[in-house]
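In: pasting the sequence and the predicted model now:
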Amino acid sequence: MSAKRQWLPHPATSALLFVVWLLLNHSLSAGHILLGAAFGFLIPLFTRRFFPEPVYLSRPGTILRFLVTVLWDIVAAGITVARLSLGPMSKLKPRFVRIPVALDDDFALTALASTISLTPGTVSAEIAPDRGHILIHALDVDDEAALVRTIKERYEMPIKEIFQC
């Protein structure tokens, strides 16, 4: 490991932590700049053992499209969940569904499971030990095959392209 990587193992994460700290505090005071820089330096340094291999992202256009898709799905699903919650509970069809996955990278698999959980009405319950599927719980499932197809097309395919796996 180079000397630079030893002291600054994830420069992009460090920069992101610094910027997010300043944005959250709405301040460019010397104290916040110093504290943001300290967090940006120390957090990646102390957590580098959790990320033994650097994560490489590619395809910025795909990343942007994926983020827009996820944000749209979060808003649309939030409205749907609110509508379902205000209606009779007897109309709900909750179900556990196994989503087969074809992702080789653990980080990509985690990104998929997290994306599913971010969307209101669905939550990732388990990643299979063989990494062959994710068990999810969905609040209202009319067509299990359609849910599987939607998750694979809207989330898994772009993640696979972004992480090149």
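Out: Great, that's in hand. Numbering: from 1, shown residues only.
In: may I ask you to name the longest helix in this protein?
Out: Counting residues, the longest helix found in the chain (DSSP state H) is helix 60-86.
In: other SSEs contacting that one?
Out: Counting contacts by 3 or more C-beta pairs under 8 Å, 6 or more residues apart in numbering; DSSP states H and E, helix 60-86 packs against helix 106-118, helix 157-162. Quick note: C-beta positions are derived from backbone N, CA and C, even for glycine.
In: may I see the buried residues of it?
Out: The neighbour-count check on helix 60-86 (16 or more other C-beta atoms under 10 Å) flags 62, 66, 70, 73, 77, 81, 84 as buried.
In: okay if I get the helices and strands packed on helix 60-86 as JSON lines plus distance to D142?
Out: Output for those, formatted as JSON lines (distance: least, C-beta to C-beta, whole Å):
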{"stretch": "helix 106-118", "distance to D142": "18"}
{"stretch": "helix 157-162", "distance to D142": "23"}
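In: want to try TSV for these, with mean neighbour count, distance to I33 and mean pLDDT as columns?
Out: Below are these laid out as TSV (neighbours: other C-beta atoms under 10 Å; distance: least, C-beta to C-beta, whole Å; pLDDT from 0 to 100):
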stretch	mean neighbour count	distance to I33	mean pLDDT
helix 106-118	18	30	93
helix 157-162	19	32	93
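In: how about those helices, which one is nearest V97?
Out: Of all the helices and strands packed on helix 60-86, helix 106-118 sits nearest to V97, with 10.2 Å by C-beta to C-beta.
In: by how many degrees do the closest one and helix 60-86 diverge?
Out: With axes from the mean of the first three to the mean of the last three C-alpha atoms, to 10 degrees applied, the angle from helix 106-118 to helix 60-86 works out at 30 degrees.
In: following helix 106-118, which helix or strand comes up?
Out: Note on helix 106-118: by DSSP states H and E, the next helix or strand toward the C-terminus is strand 122-127.
In: list the buried residues for the helix or strand following the longest helix of the chain?
Out: Per DSSP H and E, helix 60-86 leads on to strand 95-100 as the next helix or strand towards the C-terminus. Residues 97, 99 are the ones in strand 95-100 that count as buried (16+ other C-beta under 10 Å).
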